[in-house]
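Trainee: Build me a model:
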Amino acid sequence: MGLPTLPFMTNLFSRTDRARSQLVFLDFVIAPLWQAVEAAFPEVFSLTAALPTNRARYAAIVHGTADGVYPDAAWPPAFQDCTFGK
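Mentor: Predicted coordinates:
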């Protein structure tokens, strides 16, 4: 498509870098969006209820305390052949 690679899409070769990127995405995109949706539609509380668990999983990877959470070869399975920024 001829589009440039944006800086946040580069250097995602390690699971720590990918997890850090996910944390930023959760904190600055997903959480505010879901909180606004929940305020407008309280019946979708299950969306925001999952945020702390998801954030904790990625934070554990970043801080090196993620025993058994997505081994290096399978972080997550959909990204095994990831070539972001290459």
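Trainee: where does this structure have low pLDDT?
Mentor: Where the chain drops to pLDDT under 70, the residues are 47, 66-86.
Trainee: how about 50 then?
Mentor: Within the chain, the segments meeting pLDDT under 50 span 71-86.
Trainee: Can you tell me which residue sits nearest the middle of it?
Mentor: Closest to where the C-alpha atoms of the chain average out (CA atoms, centre = their mean) is residue 22, at 2.4 Å.
Trainee: Confirm for me that that residue is in contact with residue 58.
Mentor: Yes. In this structure, residue 22 is within contact of residue 58 by CB atoms under 8 Å, at 4.6 Å. C-betas here are computed from N, CA, C, even on glycine.
Trainee: Now do residue 18 against residue 11, distance only.
Mentor: 10 Å (CB to CB, to the nearest Å).
Trainee: Those two: who's more crowded?
Mentor: The residue with more neighbours, out of residue 18 and residue 11, is residue 18; 21 against 13, by other CB atoms under 10 Å.
Trainee: Who's the closest spatial neighbour of that one, skipping the chain neighbours?
Mentor: residue 12 (5.0 Å; CB to CB, 6 or more residues apart in numbering).
Trainee: What is the neighbour count of that neighbour?
Mentor: Residue 12, neighbours per other CB under 10 Å, totals 20.
Trainee: what's the helix or strand for it?
Mentor: For residue 12, there is no enclosing helix or strand under DSSP states H and E.
Trainee: wait, doesn't it sit right on residue 22?
Mentor: No. Between residue 12 and residue 22 there is no contact under CB under 8 Å: 9.9 Å.
Trainee: Tell me which helix or strand residue 64 sits in.
Mentor: Using DSSP H and E, no helix or strand contains residue 64.
Trainee: nope, residue 48 is what I meant
Mentor: Residue-wise, residue 48 maps onto helix 45-49 under DSSP H and E.
Trainee: neighbours of residue 46, just the number please.
Mentor: 8.
Trainee: Report the separation between it and residue 8.
Mentor: Residue 46 is 28 Å from residue 8, by CB to CB.
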